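K.L.:
attaching a predicted model along with its sequence, questions to come.
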Amino acid sequence: MHKFFQWRHSVHRSLPLNHRLFTHMPSLTFLSISRFFSHSPAAEEEAYDPPFSPTRTETPKTKHKPKIFSKKKDRPPKVTNEINSGTSTTTDFPAKSELPFDFMYSYSEISPGVDPIGFREPKRFSPFGPGRLDRKWTGTSAPAPQKPDLEKLAEERVRVLGDPLSEEEITELVEKYRHSNCSRQINLGKGGVTHNTLEDIHNHWKKAEAVRIKCLGVPTLDMDNICFHLEDKSGGKIIYRQINILLIYRGRNYDPKKREQIPVMLWKPLSPIYPKLVKNVADGLTFEETKEKRNIGLKSPPLMKLTRNGVYVNVVEKVRTAFESEDIVRLDCTHVGTSDCKRIGVKLRDLVPCIPLLFKDEQIVLWKGNKECD
């Protein structure tokens with residue numbers, strides 16, 4: 001039969017069907033022949049007919065019920081977290097730190113002689129996190145539990161630093177790390193030497209012998225204070241100082257695996273409330289004299305103009321020199337910000353020294369004071 005009906009495909013594709021051939025056939029014969037044509041197996045000329053796509057068998061979704069632990073023994077063990085991301089050992093909280101100094105948010109921008117008169121948040125909110133540190137937060141600091149042994153600390157510092165560097169070694173390190181495109185750089189802003197800055201320095205010391213520190217803003221008024229706290233808190237040594245650029249060296253015998261761990265502050269604590277910086281009546285003057293000097297200061301030409309996050313290394317010397325010939329000095333701090341203006345005034349009050357009379361419209365008016373007041 002297959003050979004008999006070989007003409008089916010060719011006739012069907014090339015020529016139309018002639019209905020006269022089927023006019024004299026009975027209907028049953030025609031239906032049987034058409035059914036045979038439709039169900040006859042095709043040879044090599046049969047067109048490809050893809051199979052039906054399989055139907056998806058949907059399985060009923062099972063709801064996962066949360067596990068209920070009836071006893072404490074059935075609960076999974078707590079995951080121990082690391083104090084810092086750079087350490088390889090895991091420790092349980094609260095973390096115990098044997099560092100000999102009190103933990104503060106900023107070590108260089110807080111004057112220890114002035115006590116706050118109030119707090120903007122409860123003292124129980126420690127910036128190290130609840131239950132993460134064995135020290136108690138007092139609102140401004142976390143004091144060390146024991147007094148440090150200064151002789152032992154000095155011996156350990158000398159051991160880590162090792163033999164002093166030669167001039168050739170210092171020159172090589174300075175040439176390697178002093179440039180602006182150095183990847184081992186830390187920027188210090190108005191916060192100064194903060195607590196988390198110490199951890200950043202030690203993280204850089206894992207792969208580099210020295211770290212480049214760039215200081216901007218209010219801390220540059222007293223660079224000696226910045227250098228002191230960097231060396232005292234980190235244990236390194238300043239080997240290069242140029243205006244606001246510092247290089248701090250880790251030491252010959254520094255081992256990052258044996259260093260004391262520094263717990264990180266999780267957030268910046270709210271600054272406490274301090275006494276009023278500018279009094280209504282300056283010391284040694286009457287109310288009328290104070291008002292007159294403020295008006296004179298606002299009308300006088302500014303000694304210098306300060307920019308936001310600038311370098312204020314020479315401001316103290318210029319104010320001291322100006323006080324040799326004038327009683328009142330005005331500093332133009334436009335676009336610096338009100339908070340930074342007050343920080344600058346506090347620094348100048350202690351470093352010059354002088355008496356701030358007015359902070360208005362980002363202008364600072366300073367009075368050198370009387371000899372009796374001094």
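P.N.:
Everything's here; your move. Numbering: from 1, shown residues only.
K.L.:
per-residue pLDDT of Arg124, please?
P.N.:
For Arg124, the pLDDT comes out at 87.
K.L.:
which residues touch it?
P.N.:
Listed by C-beta atoms under 8 Å, 6 or more residues apart in numbering, the contact partners of Arg124 are Trp137. Any C-beta I mention is one placed from the backbone N, CA and C, and that applies to glycine too.
K.L.:
then Ser339?
P.N.:
Lys190.
K.L.:
what's the following helix or strand after the helix or strand harbouring it?
P.N.:
If you go by DSSP states H and E, Ser339 is part of helix 338-351. Going down the chain from helix 338-351, the next helix or strand is strand 355-360, by DSSP H and E.
K.L.:
mind listing residues that contact that next one?
P.N.:
Contacts of strand 355-360 (C-beta under 8 Å, 6+ apart): 277-278, 282-283, 290, 293-294, 297-298, 328, 338, 341-342, 345, 348-349, 364-369, 373.
K.L.:
for the residue positioned nearest the centre of the chain, helix, strand, or coil?
P.N.:
Centroid-nearest residue in the chain, with C-alpha atoms, centre = their mean: Asn196, separated by 8.8 Å. Under DSSP: H, G, I helix; E, B strand; the rest coil, Asn196 falls in the helix class.
K.L.:
thought it was touching Leu266?
P.N.:
No - applying C-beta atoms under 8 Å, one finds Asn196 not in contact with Leu266, separated by 9.6 Å.
K.L.:
re earlier: okay, and which of the contacts of strand 355-360 map to strands?
P.N.:
328, 364-367 (DSSP state E).
K.L.:
output those as a markdown table; include the columns distance to Leu133.
P.N.:
Formatted as a markdown table, these follow (distance: C-beta to C-beta, whole Å):
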| residue | distance to Leu133 |
| --- | --- |
| Ile328 | 47 |
| Ile364 | 38 |
| Val365 | 43 |
| Leu366 | 41 |
| Trp367 | 44 |
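K.L.:
drop anything exposed from these.
P.N.:
With burial judged by 16 or more other C-beta atoms under 10 Å, the buried subset of the ones in strands among the contacts of strand 355-360 is 328, 364-367.
K.L.:
and the gap between the residue nearest to the centre of the chain and Thr286?
P.N.:
47 Å (C-beta to C-beta, to the nearest Å).
K.L.:
equivalent analysis for Ile355, please.
P.N.:
14 Å.
K.L.:
which one's more surrounded, the two?
P.N.:
The neighbour count for Ile355 versus Thr286, taken as other C-beta atoms under 10 Å, is higher for Ile355 (24 against 10).
K.L.:
now the helices for the stretch 51-200 of the chain?
P.N.:
For the stretch 51-200 of the chain, the helices defined by DSSP state H, counting those that start in this stretch cover 150-161, 167-177, 195-205.
K.L.:
which strands or helices does the last one pack on?
P.N.:
With contacts defined as 3 or more C-beta pairs under 8 Å, 6 or more residues apart in numbering; DSSP states H and E, the packing partners of helix 195-205 are strand 185-188, strand 210-215, helix 223-234.
K.L.:
now that helix, how far from the centre of its chain.
P.N.:
Helix 195-205 has its C-alpha centroid displaced from the chain centroid by 12 Å (C-alpha atoms, centre = their mean, to the nearest Å).
K.L.:
mind listing what's buried along that helix?
P.N.:
By neighbour count with 16+ other C-beta under 10 Å, helix 195-205 contains the buried residues 195-205.
K.L.:
and the angle from it to strand 210-215?
P.N.:
On the basis of axes from the mean of the first three to the mean of the last three C-alpha atoms, to 10 degrees, helix 195-205 is oriented at 150 degrees to strand 210-215.
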